Structure formats: C-alpha cells, structure tokens
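Output the structure for:
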Amino acid sequence: MPASRIARKPFADRAGEPLARERMLHGAEVRDVLAWVRLLVDPQDAAAVVRALARAPIELRQVHLARVIALARRRKLDLVAGCAAALESPQIPPEARERIERFVALHAHAEAALEDNGAEAFMHGLIESLSAPRKPLLAPAQAERRRAGLRRLESLTSEFVRADPHASADQLARHLAAIAIEAAPPAEEPSGTAEAGAGDRLQAMFELLREEVLDSAVRIGGRLSELRLDTELDVAHGVVRYLELIKLAAVLQRDPDYDLRAAIDDLNARLLASTTALEREIFQTSALDDLLIEAQATERDPSAGQAGATPARERRSSGLGPLGLGDAEELSLGPFLPRKGHGLALSASDVVTYRSCPLRYKFARVLRIPTEQTLHQRFGIVVHQVLERYHAAELAGLEDLFALFDAGWRRAGLGERPAELALRERGYDALRRYHARLEREPGTPVWFERSFNFRLGRHHIRGRVDRVDRLGEEDGSGSDAGRAREGSDAAADRFELIDYKTSRAKPPAALCEDIQLSLYALAAREDWGLESVRLAYHYVLDDRKVEVPCGPDGPDAVRETVLEVGDGILAQRFQATPSRETCAMCDYRITCPVAEA
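Numbers count the residues shown, from 1 in each chain. From the prediction side, this is the model:
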C-alpha cells in the first residue's frame, strides 16, 4: 500500500502552540467530518472510508460494505476507487448500489470543494453536506451538545485560518487529518462504571437508546419520501429499536423483587406478539437482554464489571453502538468468516486479537479493512526475516547478520530519514547482542519458522513458530542438532519454543495468562509429537528472553479458550472491549464507536 499522504504532526501556530484541542474532537458528528477529511487527503485511509460509508448520510449495510472491501482488495484498489468499481459489480444489489452512488457523488463534490474553495468555506460546506436537512427530535440539551461539537470544529478551522490567512482548504484538511490521527485518545471504559449500581447503568442505557431511537426515526422518516429498495428493512430496524426502548423502560419500572430473567422473558413474549416476521428476526438477535443481565450481575458482584466480566462480554454483541457496525445486522457477515469445513481457520494471532477486542477482530479479519504498516511494524518484519534467513542458511558470522539486515532494509523500502536511521542503529545493536547471546546459550537451534496445522474441535489451527531450540534430555544436557533435524528420538528430548518480539519487554508476571505460546505448546504436542517444551519470548531489541510458564494444566488449559473464541466468532459476537493498552495499538479508532464515548 502506498505511503500515507497525511502529515503525521499537527501544524503549530506562530507562537508555537498547537492549534489542536484534543477534546474538541469527541462526538460522533465531529468524527464523521474528520473521517471525510482524512479520506479526502488520503484515499488509502481505509478506516476513514469505512466510517464514511457506514455513517449518515450513506449508511451502507455491513454485508455490502464487506463486499466492497473484498472487491477493492481483489482489484488492488483503494476503497474510494473500490466504491466506483463496485457500481459495476453484479455482486452489489441495487439498494447497496444506490448508497454507493450517493457516496461517490458526495466524494466528487467534496473533492472539488477542496480544490476550489477557501479553508473556512470548505469546512462549512462539508459539515452541511453531512448534515441531512431534518428537524431534530432530541432533547434540547442533547441537540445542543451535538451542535456544540461541530461549532468547536469550525472554531478550530477559524484558528487555523487566523494563524495563516493564506492557507488553502487542502492545507486545512491535512492539518485536521493529522490531528485526527495523532490526537485520537485511547478509548477506555468510563471510570466508576463498575461501582455504579444496576439502576444507574440501566438509566444510562435508557438515555442512550432513547437518543438512538430518536436519531434513527429522523433518518428513516426522511427517507420515506425517496424511492428506495430497502425501506422495509429500515422501518423494521426502527421499530425494533423502539420496542427495545419500551422493554428497557419496563425493566426500569419493574418490582425490584421480581427476577430479571423472568421479567425479560415475559416482556419479550408480549412484544414479539405484535411484530412482523422481519421485525421478529431482528428483535431476537438483539444484544439488549445480555446487557441488562450483565448490569444486574455487576451490581451484585462489582468485580464482574472488571476482570471477571470478560466471559459475560463474550456472550453478547455491541447492539447499542452508534456506528451501525454492531447491531443485529451482524448475522449477515456469515459468508465473510474465515471458515474451513464446519469450523474456522484460526491462528494464535486471531485468538489473541479476538480476546483483546472482538470488534477489532471483526474489522481486521472479517471485514478485512486494509491498514497501512507503521514504520515500527515494517522494521519488525525486517528483523524477523533477517533472523530466519540467517539460521536457514546456517551462517555463523556477525557480518552475515549485518549483510542480511542491510539487504532487508532496502527491500522493505526503508530509507534514511531521522526516525529510520535511529531504528537502523537500534537494529545493528540488537543483532550484535543477538549474535553474542546465540554463542553463549546452551540450547541448539534446530527449526526456524516451523509451521503447524492441527484440528481443535471443529476448528483448524495453523501458524508458525519463529525458532525451536533443542535443550537436550529432561535433565537439560546438550544433544546433537542433527538428530532433531532428522526427527529421531525427538520425544525423548526437551525443546524450547521461542517467539521473537521487537516490542518492549514484558515481565514474567504480565505473561502468566499468555495465550500465544500456550497455543504453540499445544501445537507442538498435537502436530509435532513434542511432549516436553519450554516457552519463551525473545525481545530482540532489549536482548531479553522471558520464559513463559506453561501453567499447572499445561497446553490443555488453552484448549477451552480457543473453543470459546471460535464459538464467539461463529455466533458473530463482535462487541468492543476497550482498554488503554489495546486501543492505543488499534488501527481502527476512527471507525470504532467506543472512541466516541
């Protein structure tokens, strides 16, 4: 993918003060505008294009969004060009083609405004284009909050123009696009959520759902005068949202002594009696029931809202997300799941990604939204390839390591900018220490990038282990490497599975629940017949090898986790589970509804 054309640092005003105000960039409407700004500056910014397609005024359904992304990837196009190509594809139904035509027309209009208009006129016009002419139904305070966000964005534009009166609309767009990338704060669950009672959480959910119902009513009502092929589906979703609001209101007013599950079952039966077949299908795939039950569980056990809440979260989908990428329509993504036979094709990375955030898994593995590799990711790939080729060629000298590194550096398109040169020096230093460690360690490297493939339940697990060292027999004594290469007596020896990392080293305590290496240990037993293994991460840049304990149950402990992940993916439970560590590394913040909280 071509390098991004977005400047990575916000411009500063003449006094050297940044013009960006990070907290001005919150709110769904503001992020909608910023997504359009980003895609106008850089059509390769797929996450921004996805948000623009999913949100008003386009609102492309995710099954059609997945088809557009697949078509663009197949033809090696950016998503903007992919939308134009999708208009001629027989795989895109007429109702989706209508929405895509709307996107293409709006993009052409905004692109022309970017070239012809001044900075302030461009921003005002873009905001007007994305705001449908409709009368808001929200409470005055809520409507004012929405308008205030867009006013702050326009004031940010005015600041930029005052700092540079001759600035063009394109310069403004690049400035705002850079802010949207650099200033996007890691999403984090609001403090105090676990401590709040179920009543407080239910009231907050009620207010959120009420706002969403009113907003959807405005959208759907505005379209009834249009000749559309998906009007029935729009109305059905709106009706179901209203029924959910009634159900939530009834739960809030129920007798506290009445069992919540029984109350929900009774309410569902009453509400379903008045629905059409299509509304019933949408209603029965809603996530609201699980959200209500989890709120009650949190009240009884506050720890359930923290670490212990993970299983509950994995049983539901994010039905209340305002982006339109997490509702009952999830079930339309079945054809895009990575199926193999009756199960899934999964890797250790898939399992880790889903457990850290199922919504991120959906963006990356199901919708397959393209992302641009960062400098550090490209550097990490180079280091991995250098070490693999060094061992595969059975080289021994430090000069050989450096030569492979130089060749890999050029092949990856890395150059001599200051950040790249700093990484290059770190790479030389890391390889020098890696070579010294290799000479003093007792183990003998015998396999490199060794692949595995085995069945776990109905799923197929596949992957590669960076390096496998023979440690000798159970007493740890050395052994001839040739025997391991031929596979003889392998079961009698002990091996160490090593995964290279170019990130910061983690202490052993932070790896006690590690899934990746535990899955490798299971693969070594199931596919290679190795019963006794040690596990370790080798943090190449820090020259640290951190051993990961297998745990008291050994590789079997990870089996249940993998099966739960597989079941969650097949059921299309793709809720967001925000945390500072996960969100800080996420490429999909502009697309994620949680970042708007």
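
hey, let's count contacts and neighbours off CA atoms from now on
Noted.

where in the stretch 151-300 of the chain is pLDDT low?
Along the stretch 151-300 of the chain, the parts satisfying pLDDT under 70 run over 181-201, 205, 218, 222-223, 225-230, 287, 295-300.

now the strands: where do they sit in the protein?
For the chain, the strands defined by DSSP state E cover 339-340, 343-346, 444-456, 459-473, 493-501, 533-539, 544-548.

Tell me the predicted confidence for Lys9.
We have a pLDDT of 42 for Lys9.

on that earlier part again, tell me which of the strands of the chain approaches Gln377 most closely.
strand 493-501 (10.8 Å; CA to CA).

Give me the residues contacting that closest one.
380, 384, 465-474, 476, 517, 520-521, 530, 532-541 (CA atoms under 8 Å, 6 or more residues apart in numbering).

tell me the angle of that strand relative to strand 533-539?
Strand 493-501 runs at 20 degrees relative to strand 533-539, counting by axes from the mean of the first three to the mean of the last three CA atoms, to 10 degrees.

ok, strand 493-501: who's next to it in the sheet?
With DSSP bridges as the test, strand 493-501 is paired with strand 459-473 (antiparallel), strand 533-539 (parallel).

quick one: contacts of the shortest one?
The one in question is strand 533-539. 494-505, 517-518, 521, 544-550.

again, 10 Å this time
430, 434, 466-471, 474, 493-506, 508, 511, 516-518, 520-522, 524-525, 544-550 (CA atoms under 10 Å, 6 or more residues apart in numbering).

what sits against Val565?
314, 346, 350-355, 358, 571, 573.

Against Arg74, how distant is it?
From Val565 over to Arg74 the distance is 28 Å, taken as CA to CA, to the nearest Å.

picking that back up, okay, the strands paired with strand 493-501 in a markdown table with mean neighbour count, mean pLDDT and distance to Val239 next?
Below are the strands paired with strand 493-501 laid out as a markdown table (neighbours: other CA atoms under 10 Å; pLDDT from 0 to 100; distance: least, CA to CA, whole Å):
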| stretch | mean neighbour count | mean pLDDT | distance to Val239 |
| --- | --- | --- | --- |
| strand 459-473 | 20 | 91 | 38 |
| strand 533-539 | 21 | 95 | 52 |
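
Let's have those strands in TSV, adding distance to Pro94.
Output for the strands paired with strand 493-501, formatted as TSV (distance: least, CA to CA, whole Å):
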stretch	distance to Pro94
strand 459-473	36
strand 533-539	51
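
nearest to Ile282, of these?
Closest among those, using CA to CA: strand 459-473, at 28.3 Å.

got the angle for that closest one vs strand 444-456?
Going by the same axes, to 10 degrees, strand 459-473 is angled at 150 degrees with respect to strand 444-456.

centre of the chain versus strand 459-473, how much separation?
27 Å (CA atoms, centre = their mean, to the nearest Å).

go on, stretch 434-443?
For stretch 434-443, the distance to the chain centre is 37 Å (CA atoms, centre = their mean).

Now it: average pLDDT?
91.

Any buried residues in that stretch, and which?
Residues of stretch 434-443 classed as buried: 434, 442-443 (neighbour count, 16 or more other CA atoms under 10 Å).

Kindly report the same for stretch 544-563.
544-550, 555, 557-558, 562-563.

ok, these vs Arg410, which is closest?
Checking these one by one against Arg410 (CA to CA), the nearest turns out to be Arg544, at 27.1 Å.

Does that closest one touch Ser503 like I think?
No - counting by CA atoms under 10 Å, Arg544 sits too far from Ser503 to count as a contact (11.1 Å).

ok, now which ones touch the most centrally placed residue in the chain?
Compute the mean C-alpha point of the chain, and by CA atoms, centre = their mean the closest residue is Arg360, 2.3 Å away. Counting by CA under 10 Å, 6+ apart, Arg360 touches 353-354, 366-367, 574-578, 582-583, 586-589, 591-592.

ok, and the most crowded of the contacts of Val565?
Pro358 (28 neighbours; other CA atoms under 10 Å).

Excluding chain neighbours, what is closest to it?
The shortest distance from Pro358 to any non-neighbouring residue, by CA to CA, 6 or more residues apart in numbering, is to Phe574 (4.6 Å).

Dihedrals phi and psi, that neighbour?
phi -120, psi 60 (degrees, to the nearest 10).

hang on, it packs against Ser356?
No - assessed by CA under 10 Å, Phe574 is found out of contact with Ser356, at 11.3 Å.

ok, those two, which is more surrounded?
Using other CA under 10 Å as the criterion, Phe574 and Ser356 rank with Phe574 on top: 27 against 19.

Report the separation between that one and Gly457.
21 Å.

cool, Arg162 as well?
63 Å.

Since that was my last question, I'll sign off now.
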